[in-house]
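> A predicted structure for the sequence below; I have some questions about it.
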Amino acid sequence: MKITDIFKNQERTFSFEFFPPNSEISAVDFGINVGQLMRLSPSFVTVTYGAGGSTQERTFALVDYLQNKVGFTTAAHYTCVNSDRDKIIRDLNHLKSINIKNLMLLRGDPPKGDQKFEAPKNGFNHASDLIEFVHQQYQFCNAGACYVEKHPEAATLEQDLNNVKKKVDAGAEFLITQLFFNNEYYFNYVEQARKMGITSRIIPGIIPITAYRQIERFTQMSGTNIPQEFIAQLEVNKNNPGKTYNIGIEYTINQCRELLAKGAPGIHFYTLNKSRATIEIFESL
């Protein structure tokens, strides 16, 4: 099923992002967590891969498993990194052959060690170019990404929104945001997007901070801002893992409740392949 068909029947969707396990032990943990998340009946799931396409083959195997063995409506991430047009066609033909109908199309991060993204020969520089190519060649349901605090490489939010509109005009049928912790950024982003003529769903991407050490990682990963009062709460309790976990879960629950109360069309959970926090938040909603 295409995710846009799900939208026709679900005013709000609840979805999860996974990434391929990188060891036998993490594969066991992943299996346990997927089993626990199955009972939540997510609207759909997405599967990412590592920087530079480092786990792409495992991603394809995992989307096959989740779509065809577990029965989730599954979207495969696909990026411009190390992919020329010939490789894109081979890869998408393979995904089509295993009944994948949904793609999350991204530019992608540079391979490890590279400071700047460079398009491969006969490849693409921007997600909008990849989206346009796929849209013209195939019948997938294509999603795009967006940053409510603007993409780190964009000079201004307006410039970033112009780039996002290019994705939508090229064939992106809905958008999922990068993680954020201040809902004002999301609501302002949606308002500005609507003024620019972007009418597609903009689903907020949410991740709970459940340990103090995650603050720096999440800030660096996406350039997101974390409210100082929240950081202060976590810092006071940084040596108490149980307390910081509960503080993080409570913050995320309140964040999600406000998003939904004010009209967000659902929540996309960045699960980090863990089930406990996602289940607690999901069930509270």
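Cool, got the structure. All values derive from a computational prediction rather than experimental measurement.

> and Thr224, that one's in a helix?
No - counting by DSSP: H, G, I helix; E, B strand; the rest coil, one finds Thr224 to be coil, located in no helix.

> While we're on it, how confident is the model there?
pLDDT, Thr224: 88.

> and the gap between it and Tyr212?
Distance of Thr224 to Tyr212, computed by CB to CB, to the nearest Å: 16 Å. Heads up, the C-betas are built off the backbone N, CA and C, glycines and all.

> cool, and Gly248?
Relative to Tyr212, and taking CB to CB, Gly248 is found at 9 Å.

> The helix or strand of the chain at the bottom of the mean pLDDT ranking packs against which elements?
Within the chain, no helix or strand scores below helix 214-222, which has a mean of 79 by mean pLDDT, DSSP states H and E. Packing partners of helix 214-222 (3 or more CB pairs under 8 Å, 6 or more residues apart in numbering; DSSP states H and E): strand 174-179.

> Apply 10 Å and report the result again.
strand 174-179, helix 228-236 (3 or more CB pairs under 10 Å, 6 or more residues apart in numbering; DSSP states H and E).

> And the contacts of the last one?
Residues external to helix 228-236 that are found in contact with it (CB atoms under 10 Å, 6 or more residues apart in numbering): 181-182, 209-215, 219, 226-227, 243-244, 247-248, 250-251, 255.

> between that helix and helix 214-222, how big is the angle?
130 degrees (axes from the mean of the first three to the mean of the last three CA atoms, to 10 degrees).

> can you give me the mean pLDDT across stretch 120-140?
On average, the pLDDT along stretch 120-140 is 92.

> Okay, helices next: where are they in the stretch 101-250 of the chain?
Per DSSP state H, counting those that start in this stretch, the stretch 101-250 of the chain carries helices over the ranges 127-137, 157-170, 183-195, 214-222, 228-236, 241-261.

> Filter the contacts of helix 228-236 down to just the buried residues.
Buried members of those, counted by 16 or more other CB atoms under 10 Å: 181-182, 209-210, 212, 214-215, 226, 244, 247-248, 251, 255.

> want to try CSV for the residues you listed, with distance to Arg107 as columns?
Shown next, in CSV, are the buried ones among the contacts of helix 228-236 (distance: CB to CB, whole Å):
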residue, distance to Arg107
Phe181, 24
Asn182, 25
Ile209, 26
Thr210, 29
Tyr212, 31
Gln214, 25
Ile215, 26
Ile226, 25
Thr244, 34
Ile247, 34
Gly248, 30
Tyr251, 30
Gln255, 27
